[in-house]
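# sequence first, predicted coordinates after that:
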Amino acid sequence: MPYVPHTEDEVRQMLATIGVDSVEDLFAEITEDMRPKSYDLPAGLSEMEVLSKLESMAAKNATDRVSFLGAGFYDHYIPAAVDALTMRGEFYTAYTPYQPEASQGTLQAIFEYQTAVTRLLGMDCANASVYDGGTALYEALMMAVRKTKRRKIIVSEALNPIYRVMLGSYTSNLDMEFVTVPHKDGMTDIEGLKTAIDGETAALLVQNPNFFGSINDFTDLFTVCRENKAVSIISSYPVLQTLLKTPGDMGADIAVAEGQSLGLPLSFGGPYLGIMTCTKKMVRQMPGRIVGRTEDSQGRTGYVLTLQAREQHIRRQKATSNICSNQSLCALRALVHMCALGELGMKRAARLSIERAHICAERLTAIDGVEMLTKGPFGNEFALSLPVNAFDVIAKLTARGFVPGFPLGKYYASLENGLLVACTEKTNEEQIGIFAEMLKGALI
């Protein structure tokens, strides 16, 4: 039942105080066509009946399918310790730690998370955190705009198209100029990006591995950014960052990532984790919470929120975004996941994922008419060119219990036959063999 604390007399007094006759008058601005047509809700059920109904609905979900779907979100193994620790009440119910004297545990956990992700990406500073990888990319873009006072953004078309849609939505009323440099058969056009950068550029946005799975070294490209006083922003895949050249080593100003692959289940799309890291010179533009370690008057270690540049901290119109819901629970999961695996465990997961992807690519390209779309090195994900429409193949194989990948034609009009295939350490060679046979049969 709803908790309604006010009596009818109290409601009348409140309405009289604000000068309206009824509760309905409070919604007068909402036109009739926008109002609910009916409140004809079903009758209430007992707890036992609700549980039974929800269990029957949940049973309709297909949880036994083998999936080669990636496109930015990956089915990595999550150690049992992640749930066991992060579901403890002191973490699970904690709110934003505004009062450091009562929140040292939460603040220390956030500080350790920041330390872990800066080491992972080779950067100086991190926050904790934003909503997801796309939001992190947008916030990085706005950091660049505030820093450079420019509005021109250079974007690689090989950047995750889901993120590019999000950027378009977030900036639709912000008078930004986006210059998108097309991909070349799934490869990032580095020379084209270099040519597009000029003295009016605020930021460059690239991804490694790119959306098609191809791996690049952007060191020279980021040098061109620095020469033009533009901000270089890279979106990374955290698991593979244990093996690849880090954004810091490439000279990136801001490195962001979708943290879902670090201990967060796919869960129908969230909640996820937007990892944000940057160089020290950019840290004052960073939104969200940043925890610092200090000492009190007695020399004891303490943790506090620092560089707080939100509107409630006096910054007013100069404030950064207020990421105030407790995303630190997702950050904590990422930290526990990384600690549970350790450096060797994370590298092993990355190597196995890459190894399985290369085995899979070899098996699939042995089928007549199936070719690699991209050339050059790739990680745990790769793009294929099929002899038929990829949507049709996906429909056929999914109905038989195998999700073969992501249809590139969904976002790239010229790639209707393109299929993006991903593997993780959970993918085994038996599954790859069955996938190859099923794909071969679907193409006959």
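Yep, that arrived. Residues are numbered from 1 along each chain as shown.
# who are the packing partners of the helix of greatest length in the chain?
The residue-count maximum for a helix in the chain (DSSP state H) belongs to helix 328-365. Judged by 3 or more Cβ pairs under 8 Å, 6 or more residues apart in numbering; DSSP states H and E, helix 328-365 is in contact with helix 80-86, helix 89-92, helix 104-121, strand 371-372, strand 381-385, strand 418-422, helix 429-442. (Each C-beta comes from the backbone N, C-alpha and C, glycine too.)
# let's see it at 10 Å
Under the contact criterion of 3 or more Cβ pairs under 10 Å, 6 or more residues apart in numbering; DSSP states H and E, helix 328-365 touches helix 80-86, helix 89-92, helix 104-121, strand 274-278, strand 371-372, strand 381-385, strand 418-422, helix 429-442.
# direction included, what does the helix or strand just after the third one pair against?
Pointing back at helix 104-121 there. Using DSSP states H and E, the helix or strand that directly follows helix 104-121 along the chain is strand 125-126. Using DSSP bridges, strand 125-126 pairs in its sheet with strand 274-278 (antiparallel).
# following the partner strand, which helix or strand comes up?
Next element after strand 274-278 (DSSP H and E): strand 291-295.
# that following strand versus helix 328-365: what angle between them?
130 degrees (axes from the mean of the first three to the mean of the last three Cα atoms, to 10 degrees).
# the spatially closest residue to Gln241 that is not a sequence neighbour: neighbouring residues, count only.
Leaving aside its chain neighbours, Gln241 sits nearest to Leu120 (5.3 Å; criterion: Cβ to Cβ, 6 or more residues apart in numbering). Using other Cβ atoms under 10 Å, Leu120 has 26 other residues around it.
# so where is this structure shaky, pLDDT-wise?
1-3, 309-317, 324-326 (pLDDT under 70).
# domain assignment for it?
By the assignment in automatic domain parsing, the chain contains the domains 66-75+342-442, 80-336.
# using CSV, please lay out those together with distance to Leu26.
Output for the domains of the chain, formatted as CSV (distance: least, Cβ to Cβ, whole Å):
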stretch, distance to Leu26
domain 66-75+342-442, 41
domain 80-336, 26
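# wait, which of the ones you listed is closest to Glu49?
Glu49 lies closest, by Cβ to Cβ, to one member of the domains of the chain: domain 80-336, at 24.0 Å.
# centre of the chain to that closest one, how far?
Relative to the chain's own centre, domain 80-336 is displaced by 10 Å; criterion: Cα atoms, centre = their mean, to the nearest Å.
# and the end-to-end length of that domain?
Domain 80-336 stretches 10 Å from its first residue to its last (Cα to Cα, to the nearest Å).
# ditto for stretch 394-411
From start residue to end residue, stretch 394-411 stretches across 16 Å - Cα to Cα.
# show me what counts as buried in it.
Neighbour counts over stretch 394-411 (16 or more other Cβ atoms under 10 Å) mark 394, 396-397, 402, 404-411 as buried.
# and if you look at stretch 370-388?
370, 372-374, 378-386.
# same check, this time on stretch 57-68
66-68.
# which residues sit against that stretch?
Applying Cβ atoms under 10 Å, 6 or more residues apart in numbering, the external contacts of stretch 57-68 come out as 74-75, 266, 268, 356-357, 360, 364, 381, 397-406, 419-424, 426-428, 430-432, 434-435, 438.
# on that earlier part again, next one: the longest helix of the chain to chain centre, how far?
Averaging C-alpha positions (Cα atoms, centre = their mean) puts helix 328-365 16 Å from its chain's average.
# just to revisit the earlier point, tell me which of the domains of the chain lies nearest to Pro42.
domain 80-336 (23.5 Å).
# now do the helices in the stretch 151-300 of the chain.
Ranges of helices within the stretch 151-300 of the chain are 161-170, 190-196, 219-227, 247-250, based on DSSP state H, counting those that start in this stretch.
# now those in TSV, with distance to Gln308?
Shown next, in TSV, are those (distance: least, Cβ to Cβ, whole Å):
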stretch	distance to Gln308
helix 161-170	23
helix 190-196	35
helix 219-227	29
helix 247-250	25
